[in-house]
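Asker: Below are the sequence and a predicted model; questions follow.
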Number of protein chains: 2
Amino acid sequence: MKAREDKQAVWIWYPGDFEVRLHERMSVKRRTRDVMYPAYWRLDRHYSNVKFRIVYDLPQEETIRIAAEGTFSLYLDGRDNYRSNEPEFTLPAGRHELAVCVFNDVEVPALLISGSTITTNSSWEVTSYQNDWVMAAFWTFGSPDNPPSQYRLSVTPMSPVTEELYQGFPLFDFGRETYGYLRFHGLKGNGSVRVYYGESRAEALSMDECYSLDCFRVSNDIGNSEDGAYTLRDAKAFRYVWIHGDSDVSWESVSMLYEYVPLTYRGSFECSDPKLNEIYEMSLYTLHLNTREFFLDGIKRDQWVWSGDAYQSFLMNYYSFFDLDVTRRTLIALRGKDPLVKHVNTILDYSLYWFISLYDYYLYTGDAEFIRQYYGRAVTMMNFVLQQRNEEGLLEGRLDDWVFVDWADFSNEGAVSTIQILLVRSLEAMKVFAMLAKDGTAASGYSKLAEEIKESTLRLFWDENKGGLLHNCVSGVTQPTLTKHASMFALAYGYLTSEQQERVVQQVMLNPDTPKIRTPYMRFHEMAVLCESGQHELVLKEIRGYWGGMIDLGATTFWEEFDPSLEDNAHYGMYGVTYGKSLCHAWGAGPIYLFGKYFLGVAPTSPGYDTYKIQPNLGGLERMKGTVPTGEGEIRIEMCRTEIRIESTHGKGQLIFKSTEFPTCNNIEVRVKGQNRYEVDIETGQMYVITYRD
Amino acid sequence: MKAREDKQAVWIWYPGDFEVRLHERMSVKRRTRDVMYPAYWRLDRHYSNVKFRIVYDLPQEETIRIAAEGTFSLYLDGRDNYRSNEPEFTLPAGRHELAVCVFNDVEVPALLISGSTITTNSSWEVTSYQNDWVMAAFWTFGSPDNPPSQYRLSVTPMSPVTEELYQGFPLFDFGRETYGYLRFHGLKGNGSVRVYYGESRAEALSMDECYSLDCFRVSNDIGNSEDGAYTLRDAKAFRYVWIHGDSDVSWESVSMLYEYVPLTYRGSFECSDPKLNEIYEMSLYTLHLNTREFFLDGIKRDQWVWSGDAYQSFLMNYYSFFDLDVTRRTLIALRGKDPLVKHVNTILDYSLYWFISLYDYYLYTGDAEFIRQYYGRAVTMMNFVLQQRNEEGLLEGRLDDWVFVDWADFSNEGAVSTIQILLVRSLEAMKVFAMLAKDGTAASGYSKLAEEIKESTLRLFWDENKGGLLHNCVSGVTQPTLTKHASMFALAYGYLTSEQQERVVQQVMLNPDTPKIRTPYMRFHEMAVLCESGQHELVLKEIRGYWGGMIDLGATTFWEEFDPSLEDNAHYGMYGVTYGKSLCHAWGAGPIYLFGKYFLGVAPTSPGYDTYKIQPNLGGLERMKGTVPTGEGEIRIEMCRTEIRIESTHGKGQLIFKSTEFPTCNNIEVRVKGQNRYEVDIETGQMYVITYRD
């Protein structure tokens, strides 16, 4: 998305429209038993009619080649009755304005112009005819035969690990959860084939209740469509497939094309506890499977882009792939277009997570240009949100708004404290965006409002006896329900005094009487907050138990929800549907974030990791080592009970650690901070070896 | 659009989306010399993802057949994990909610369900997932093989009237302006064919400057595509075609498929002056050619839907075809969707004409349901308009707004008086709509605002010396420019005192020093206002001269602009383009309205012609007769200098006429109104014969 100054031609389009169109397509991919289950919110659409322009100054005439996705017409210097749609055009020398209209009502109108000096790139502007001449967007598409509409993920062949006969039909096990297109090799005969997919063995063997299935007719020509293999049209999420072919149908073997985004595993974590290593690797795989055109919630169900889910995926991504393409795609798709009538994904909290996610994007990447580019859309969305505050100035769900917070047994009637905390954080984010957009008035407005709402939220919801924030306030009356949620966010965002923090940890978080959190979604935040409070050992115990518990039940990726008290196949049900639970859910991959941010302990303290801190914590482990990506660079950490080794390639870091003995460092002075805490400044390109004692 | 209670299944869709999609397609049809020239405003798009629903109560189960444009899934009672996409489904007996999701990102998602009792019709609701369960829309599409996306106008074969060789190539004359697809019969050989179209002979003979052209390759199979005829893909507007074939190419004959909307010519006018009859018939043909998917401005150029142009076509239509389908399609397409960023067609006045046109629709048809259906869109559009008033409360063009008023030599800087008058009328319209929507508070708000702006407009712009409204006011200073425009509209809408009216007529309208109006567009209003002031003879003289002047120059349809002072082919140029002028422009057809409303003298006085008045005026003619449609019914009038004959099939009418002798009527008393004016009440189904003296 950054300006590209070089002369290589790239396909260009209206900013956001590539993502909006891709999102429209993805939002209707979900199938329940082969029947469409589209997203239940308005799907935004690309502008079908746009115009590109550039002003050039050429010493001599130049012939350009024009490729367009859609119908195009080109004209010079505003003489729009004199247009050309020829694939080549000779530009006159001198200073001229070149304009190209492109219309496409199916895919995004896009343009690729290549000349020896005039080429499409970010120096072009584009308009949707709404007084909006903006910088054209582009990505990696650079050739006429690779236009943006043809964007597809990568595929690679995979084979099943085992095959067994069950009730006379073959059941294939691909060894672990996967996603892609089933293939039949040497398919012959005449008749039907029915495929039952399962994330679990039980699901695949349930013809009547498995979530995903396929059915197709075999004829003699179908089998030889490509090199003797027949590939099913739609990709599915599964580990097992049970295949019923009519007696006249046969095949030699079955395989699959695994579909994925090629990602570099830039983050790593390895420690002295093999179970935790297994959890970490499985988390990475879970996240990778859900990191696709966008950050999805789950690959079997819903395959949708949910803002609250993405909020966590974004954070996990910063500690693993640091893939910013999928991050930006997701942020753009979630925001969509105006007019805003409903909240993102219909959920009030999910609108708020969008602001916070955008702020995190800025913090981890320092990409101010992206923020400025989408500042306008952030402003109109915040206007939309702020319109629905109640008389006390608090944000409430309107009729038909979904106030989610979590899958849990509480009422979200009236003003919910968690929502207010998320709003405060969103307003703080808007303040930062407004500063970047040089909109000082707006910045102070957002800042003031954030302070006001923070103050009134703490006043209304803080319960001095219970030591935490109560859950909601109906018609001005704060209800007695105590949940972990609001207190967790308030603590994480730094809205509590240190005394309040301590009370929240002891009286709410560690209190066995507070209702338990059942979703990895909120356990993510719960664990993060416990780490913020120094409860690393407890957190490792929880990770071993909760995430380890899923592995003990045979999980190969982490689930949407896990309730250890359930029995056998009851684990696979959700929403009243027998195999309704997603067994590969992005929000199950939280340990990636926890290990990176709270055990390796790395976090940016200024945008783009120009400064950062490292607060490593073994949490009782013997040793750990790992890598945290920091944009272009990375930080490598290795730690045991007596030594910390750090190496970094970008920015200025501050290592903060505890030691019971006075520590030493190989090449720099260690600063004493009191209470057994020490600091070391970390510069790039050096190996720091600190000797200490745990 | 009205609720359809019968059980016949019809295709249903989200209201407005059929029109929005059709408008998107039509807006990019324009070609200049075979190169696309798309509309330069945001093209709105249909919702790709919608859901239909109905609650039924069946005494016994029933099997329905389902057809969809797009991918569909059907489910019962909110059990949306249990969906079906089978073409047949058996509905259980009892009371249930049936829901059907349809996704279509190319054409409008549409649904056709046929069962013995459960069928798609207006009792279904539809949502775009924006809290908007609204009545589903439908039209005439009733069978699975005639879905809405396949809507096409009718075609009929036509042959050229003459053929001549010019520079060795055949020039065909189709006798008059027409629109459609050129066809080659018995096409043979190998090579290229180039077709040069002309609305005028000169244009067709200008290879280098004709506006429309075609070029195609002939091969041996092309000629036999359908019954030995090869039809060009795109329809064109033309009277002449000059065809250049390569020497290896030959054909037996050339014809065309005339493309049109089948319309009933329900209005008529015939009088003692053959020239006027010719003008009337040519006006009808001009309007018919431009009455298509929508009311277009012109069929050669732009083929777009312009609100100011449509405002007049709507009025002409009420006196000719009374086709409400194209009227509603045009009103819906012009409004488009939110968010409003620019004005309709980018023109401030054109936003205002939309409100006035919608009001006229209500007045002429009484279709309150349509108003209620689109009231929400009218409200948001008025909000958008009102946001841009200046400190004095007057409406000004923003930067990048086009304030058009007319093709004329005046500046539209600051607050333009014509714009304020149109705003007042628009607010009065909104008051009526708000009443229909039972929104009393809004109604009185609009009414109050209309009064305020009317008062301040007259105060600021009325020039007591010049006896008319001045043109504009810049930074609070009213400029001395006097034009006819604002005064015309103020008079027509009844905003002037009778004294002011008289002064406007004498000092502005009839004053040879006031700048002349050159476009039929504004001559429409000018003539109407002169009629309102009883200047019928003068108007006939003007019609004979101005419209007759075009006929004298060989026009077969009326033009976009006519300046009698130009010479020869200079008439064909506009916008600096040699053949840029449209020779078949809807706004050229104004005489239809003038004859119907001001000579036959018919106008509704309450919505839907429940009451109406007839003020016939011979304007110096010996005799005239004609018909004015009144919705389902019609009024027939015949008049000479001694007798008026009236027959009506709907509503209660009031005949108002002048007579120098005391008149008599065959079957009812004539009321004396003084000053030689008389009145007769007209009931349906009777023939009134009034004897009078001119």
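Answerer: Looks like it arrived, so ask away.

Asker: How many neighbouring residues does the residue in the stretch 101-250 of chain A that chain B sits nearest to have?
Answerer: Going by C-beta to the nearest C-beta, chain B is nearest to A:Gln130 of the stretch 101-250 of chain A, at 4.2 Å. For glycine as for every other residue, the C-beta is placed from the backbone atoms N, C-alpha and C. For A:Gln130, the tally of surrounding residues (other C-beta atoms under 10 Å in any protein chain shown) stands at 15.

Asker: roughly how far apart are it and A:Lys51?
Answerer: A:Gln130 is 11 Å from A:Lys51, where distance means C-beta to C-beta, to the nearest Å.

Asker: related to what we said a few turns ago, got a pLDDT number for the residue of the stretch 101-250 of chain A closest to chain B?
Answerer: pLDDT recorded at A:Gln130 is 96.

Asker: any idea which element it lies in?
Answerer: Assessed by DSSP states H and E, A:Gln130 sits outside every helix and strand.

Asker: Excluding sequence neighbours, find me the nearest residue to it.
Answerer: B:Val341 (4.2 Å; C-beta to C-beta, 6 or more residues apart in numbering or on different chains).

Asker: Assess the claim that that neighbour and B:Asp44 are in contact.
Answerer: No. In this structure, B:Val341 is not within contact of B:Asp44 by C-beta atoms under 8 Å, at 11.4 Å.

Asker: Which one's more surrounded, the two?
Answerer: Legend: neighbour count by other C-beta under 10 Å for B:Val341 and B:Asp44, higher for B:Asp44 (22 against 14).

Asker: just for chain A, where's the confidence low?
Answerer: A:1-6, A:223-225 (pLDDT under 70).

Asker: all strands for the stretch 351-500 of chain A, in order.
Answerer: Taking DSSP state E, counting those that start in this stretch as the test, the strands found in the stretch 351-500 of chain A are A:415-416, A:462-463, A:468-469, A:472-474, A:477-478.

Asker: Buried ones in the longest one, by neighbour count?
Answerer: Just to be clear, that refers to strand A:472-474. By neighbour count on 16 or more other C-beta atoms under 10 Å in any protein chain shown, the buried set for strand A:472-474 is A:Asn472, A:Cys473.

Asker: How about A:Ile646, nearest residue that isn't a chain neighbour?
Answerer: Here the residue nearest A:Ile646, using C-beta to C-beta, 6+ apart, is A:Tyr688, at 4.4 Å.

Asker: could I get the helix or strand harbouring the one you found in CSV with only the CA atoms?
Answerer: Secondary structure from DSSP H and E places A:Tyr688 in strand A:687-691. Taking C-alpha atoms only, strand A:687-691 is exported to CSV below (Å, rounded to 0.1, in the frame of the first residue of the first chain):
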residue,chain,number,x,y,z
MET,A,687,24.5,-9.9,20.9
TYR,A,688,23.8,-9.2,24.5
VAL,A,689,24.5,-11.9,27.0
ILE,A,690,23.2,-11.2,30.5
THR,A,691,24.2,-13.3,33.4
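
Asker: Please enumerate residues in contact with that strand?
Answerer: Contact with strand A:687-691 is made by A:642-647, A:655, A:657, A:663-668, A:670, A:680, A:682, as judged by C-beta atoms under 8 Å, 6 or more residues apart in numbering or on different chains.

Asker: Buried by neighbour count, from those residues: which ones?
Answerer: For these, buried by 16+ other C-beta under 10 Å: A:Ile644, A:Ile646, A:Glu647, A:Leu655, A:Phe657, A:Pro663, A:Cys665, A:Val670, A:Val680, A:Ile682.

Asker: can you pull the contacts of the second one?
Answerer: Same thing as A:Ile646. By C-beta under 8 Å, 6+ apart, the neighbours of A:Ile646 are A:Ile614, A:Ile635, A:Arg636, A:Ile637, A:Gly653, A:Leu655, A:Val680, A:Ile682, A:Met687, A:Tyr688, A:Ile690.
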